[in-house]
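In: Sequence and computational prediction follow.
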Amino acid sequence: MRLLSLLCACLEKRFRGRRRRAADEEAEDAAVESWDLFFELRTLQVATNFFSELNQLGHGGFGPVYKGLMPNGQEIAVKKLSLESRQGLREFTNEVKLLLKIQHKNLVTLLGCCAEGPEKMLVYEYLPNKSLDYFLFSKNSNPDKKYATLDWTTRYRIITGVARGLLYLHEEAPERIIHRDIKASNILLDEHLNPKISDFGLARLFPGEDTHVNTFRISGTHGYMAPEYAMHGYLSVKTDVFSYGVLVLEIVSGRKNHDGQLGAEKADLLGYTWKLYQGGKPLELVDPNLAKYNSDEAAMCTQLGLLCCQQSVPDRPDMNSVHLMLSSDSFTLPRPGKPGIQGRGGRWTTTSTALTNTNATNASSSHTGVTKVSGSSSFVEDFSRNSISVSSIDEGR
Ligand SMILES: Nc1ncnc2c1ncn2[C@@H]1O[C@H](COP(=O)(O)OP(=O)(O)OP(=O)(O)O)[C@@H](O)[C@H]1O
Ligand SMILES: [Mg+2]
């Protein structure tokens, strides 16, 4: 009996030792991860000249963005998240950890975050050419001519690069990300004018308040939103496809999706493009500032833009098909029908739960179900990917 209790005590001690070692290792891992993840507030203050106005790169729906210079000479962009979020530090940290794993040459690299001050912040690589909107829309109004007209080859590279980045977010990333806010100012350009999608996954940092309607004011921008998303809050990868279609037409034409100064006939980019396409004159859409361009590519991009902006969700291609259309010479594009009307709401309507999972799929996409937006962004995204991950995400929240 004594021998038995001695044996038990001995085993218990060994297990306890092993448990302690495992816990120590876990704590060590967490420390290393946190070390990599977090920037000290003080470091960011010094890097950005105490968030001086001179360092401000812009101001978007989440708050201001500042340029910073780290002691090792690295340039960074610091995004202050001024919007109220109910998310706790642990959830925020988990989401940032996940976003750090979302890496692709056509996505802006997230470097880490800071959660010390009153506002949480995200730290990104700095891109010297700012965003596509400066090149497309302010070319006639910038005195230093920094944002010269982009030539056709560059525009086509941007169109394919954004498609590649979106395909990665939708199909290849460790977790599916529906961007929700694809637009010219969210396409940043590196020193060689290669495109990088910014602000992906940001909605994950603001899990909404399920009981409130119209309180969550991040996702979607006037003129880029798919009609079913703007009007009913139905979210799917095809929501991004619609916005991508609008963006493609903006790149081809060098104008904004809505421009009242162009007169009633041309003001609405989608309506005008459709009219030109029906009249057999798609090339009239091409930016008049372009001295030369590849007419086959330009006509194809016009048709592709219209296809992506179809009213009916299943009629839009998924990003796999878009990528194929752009990279294959032999692909014959289907004829588009009349495009949908862009969402004019500009606000995300939060509703109580994720509801429908319609069969809005096409041959090459097995999981493009449309889901009604819930306040919990991760839930929606995972629901639209598969149902297994729903439970695990729910557990974590
Ligand atoms: N990593 C970065 N490097 C360089 N410039 C950046 C970077 N991130 C953002 N910017 C600049 O800061 C501006 C503001 O960005 P921000 O994302 O806050 O606003 P937005 O894209 O106009 O709107 P939204 O909040 O809807 O995304 C952008 O237009 C871009 O020019
Ligand atoms: Mg942005």
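Out: That came in fine, so what should we check first? Ligands and ions are numbered 1, 2, ... in the order given.
In: What is the least confident helix or strand in this protein?
Out: Of all the helices and strands that make up the chain, helix 388-396 has the lowest average by mean pLDDT, DSSP states H and E, namely a mean of 23.
In: Give me the contact list for the helix or strand where T302 lies.
Out: Under DSSP states H and E, the secondary-structure element containing T302 is helix 295-308. Under the criterion Cβ atoms under 8 Å, 6 or more residues apart in numbering, residues 152, 156, 159, 241-242, 244-246, 248-249, 251-252, 270, 273-274, 276-277, 282-283, 285-286, 315-317, 322, 325-326, 333-336, 339 lie in contact with helix 295-308. C-beta here means a position set from N, CA and C on the backbone, and glycine is covered the same way.
In: Likewise for stretch 113-125?
Out: For stretch 113-125, the surrounding residues in contact (Cβ under 8 Å, 6+ apart) are 37-41, 44, 63, 68, 75-82, 85, 89, 92-93, 96, 108-112, 198, 205.
In: Stretch 261-280 too?
Out: Applying Cβ under 8 Å, 6+ apart, the set of residues contacting stretch 261-280 from outside is 246, 249-250, 253, 255-260, 282, 284-285, 302-303, 305-306, 309, 336, 338-342.
In: got the CA coordinates for that stretch in CSV?
Out: This file holds the C-alpha atoms of stretch 261-280, laid out as CSV (Å, rounded to 0.1, in the frame of the first residue of the first chain):
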residue,chain,number,x,y,z
GLN,A,261,-19.4,67.0,-64.1
LEU,A,262,-19.4,64.7,-67.1
GLY,A,263,-23.1,65.3,-67.8
ALA,A,264,-26.1,63.0,-67.4
GLU,A,265,-25.2,60.5,-70.1
LYS,A,266,-21.7,59.8,-68.7
ALA,A,267,-22.0,60.5,-65.0
ASP,A,268,-22.6,56.9,-64.0
LEU,A,269,-19.7,54.8,-65.0
LEU,A,270,-21.5,51.5,-65.1
GLY,A,271,-24.5,52.8,-67.1
TYR,A,272,-22.2,54.6,-69.5
THR,A,273,-20.0,51.5,-70.0
TRP,A,274,-23.0,49.4,-70.7
LYS,A,275,-24.3,51.8,-73.3
LEU,A,276,-20.9,51.9,-75.1
TYR,A,277,-20.7,48.1,-74.9
GLN,A,278,-24.2,47.6,-76.3
GLY,A,279,-23.4,50.1,-79.1
GLY,A,280,-20.2,48.1,-80.0
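In: how about the helix or strand encompassing R90: buried residues?
Out: When elements are defined using DSSP H and E, R90 is found to belong to helix 89-100. The neighbour-count check on helix 89-100 (16 or more other Cβ atoms under 10 Å) flags E91, F92, T93, N94, E95, V96, L98, L99, L100 as buried.
In: Give me the distance between the residue nearest to the last one when sequence neighbours are not counted and ligand 1.
Out: Looking back up the chat, that one is L100. Nearest-residue entry for L100: L110, 5.6 Å, with adjacent residues in sequence omitted and distances by Cβ to Cβ, 6 or more residues apart in numbering. L110 is 9 Å from ligand 1, where distance means Cβ to the nearest ligand atom, to the nearest Å.
In: pLDDT weak spots in the chain?
Out: Residue ranges of the chain with pLDDT under 70: 1-35, 139-147, 207-220, 342-397.
In: going on from the helix or strand where Y124 lies, what's the next piece of helix or strand?
Out: Here Y124, judged by DSSP H and E, is contained in strand 120-125. Past strand 120-125, heading to the C-terminal end, the next element that is a helix or strand (DSSP H and E) is helix 132-137.
In: neighbouring contacts of that next one?
Out: 129, 142, 146-150, 158, 183-185, 187-189, 195, 250-251, 254-256.
In: Which members of these are classed as buried?
Out: Buried by 16+ other Cβ under 10 Å: 129, 147, 149-150, 158, 183-185, 187-189, 195, 250-251, 254-256, out of the contacts of helix 132-137.
In: what subset of the residues you listed is also close to ligand 1?
Out: Near ligand 1, taking Cβ under 6 Å from any ligand atom as the test, the members of those found are S185, L188.
In: Among the buried ones among the contacts of helix 132-137, name the ones in helices.
Out: Judged by DSSP state H, helices contain the following of the buried ones among the contacts of helix 132-137: I158, E250, I251.
In: roughly how far is the helix holding T302 from the heart of the chain?
Out: Relative to its chain's centre, helix 295-308 lies at 23 Å (Cα atoms, centre = their mean, to the nearest Å).
In: What's the first helix or strand after that helix?
Out: On the C-terminal side of helix 295-308, the closest following helix or strand by DSSP H and E is helix 319-327.
In: Put together a markdown table for the ones in helices among the buried ones among the contacts of helix 132-137, with distance to G233 on each row.
Out: A markdown table is the format used below for these (distance: Cβ to Cβ, whole Å):
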| residue | distance to G233 |
| --- | --- |
| I158 | 30 |
| E250 | 25 |
| I251 | 28 |
